[in-house]
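[1] coords please:
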Amino acid sequence: MFKTKKIYAVLMLIILIFLSGCDDTDTSQGVIKRGFFEELNTIVIYKDVYYKEVKDSDIEGFISKLKSLEGESLDTSSLTQDDFQGTAYKIESKYNNDKDLKSISFIGDKMLYEDKWYKLDTSIESLYESIESKENMDKNRKKSKLIKENRKELPIKDALLGLWKYDDDNTGIEFTNNELIHFIKKEGKLEESRRFNYRIDNSTDNQVYITAYSKNGLFSKNKKLFNIILLFDDMKNNIIMKKEMVGSSMTYRNNLIYIHEEGFELGNFDSFFFIENRDYFNK
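    Here you go, the predicted model:
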């Protein structure tokens, strides 16, 4: 009997130690996952076209504040354009392997992290102001802002041309005058994967209808492969793509942003456009 009680006591002690460890993990971690902070090299926080680099003297305190950020998951169906008024902030972090780049977007008291929106218990502005390093202007961001605004006046077929980045961050698609080029990211860079011929079947002020054909092959050349419908935002820097495979029930839907020839990202995955039109192709 004594032996049984001893074994029971030992088991209870092990369970208590395990639960204690779990509690430490849960209480010390906010919305942002631990992986975001591992092997960190540099952190930059942007405020529109301005930025501050988090220096060594600030980084420990800054990371501590990020780790403690609390927030509740938002039901995006309840959000409106008014919820996205104000200055946009973005945190970009680079890592020791020098290839990865992770980012978190903020506007007002809302945060976009890993494709989910959260309502925060604190203001990102106060976090930005707490950094003691000098505020600088990012000339590339200022230039890209001007280019972004000018694209609004482009005819829809001209706005289509160029490179678009998928929301999975691993693929891209480029439209030339007659070719559709698919890219896949390898070792941190987008590399050409496959080319297709395409034809614009129809277009409106904010939509383009496309049919893509095979480019190579003795018997399959110019074979119809898939249809694409593209929905553009007002600035023509963000698009929602619906892709339907010919002869199949397979359908794909993706968000894409425009990449300028100088490498500037003119679109934003945190745009309200993607939220208000999330069910557009389900109508």
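[2] Could you pull up the contacting residues of Lys47?
    When contacts are counted by C-beta atoms under 8 Å, 6 or more residues apart in numbering, Lys47 touches 87-89, 128, 135. Bear in mind the C-beta positions are built from the backbone N, C-alpha and C, glycine included.
[3] In a helix, Tyr128, correct?
    Yes. Counting by DSSP: H, G, I helix; E, B strand; the rest coil, Tyr128 falls inside a helix.
[4] Which two of the contacts of Lys47 have the greatest separation?
    For the contacts of Lys47, the farthest-apart pair by C-beta to C-beta is Ala88 and Glu135; their separation is 15.6 Å.
[5] who has more neighbours, those two?
    Each of Ala88 and Glu135 has its neighbours counted (other C-beta atoms under 10 Å); Ala88 has more, 16 against 12.
[6] So the more buried one sits against Ile104, correct?
    No. Using C-beta atoms under 8 Å, Ala88 makes no contact with Ile104, being 11.7 Å away.
[7] helix, strand or coil for Asp83?
    Secondary structure for Asp83, judged by three-state DSSP, is helix.
[8] Find me the pLDDT at it, would you?
    Note on Asp83: pLDDT of 84.
[9] For it, which residues are in contact?
    With contacts defined as C-beta under 8 Å, 6+ apart, Asp83 is in contact with 108, 110, 272.
[10] Tell me which of those fall in strands.
    In this view, the contacts of Asp83 that belong to strands under DSSP state E are Lys110.
[11] so where's the stretch 51-200 of the chain shaky on pLDDT?
    The model of the stretch 51-200 of the chain has pLDDT under 70 over residues 98-99.
[12] What ranges does it have for its strands?
    Per DSSP state E, counting those that start in this stretch, the stretch 51-200 of the chain carries strands over the ranges 71-73, 88-95, 101-107, 110-113, 116-120, 136-137, 162-166, 171-175, 179-186, 189-203.
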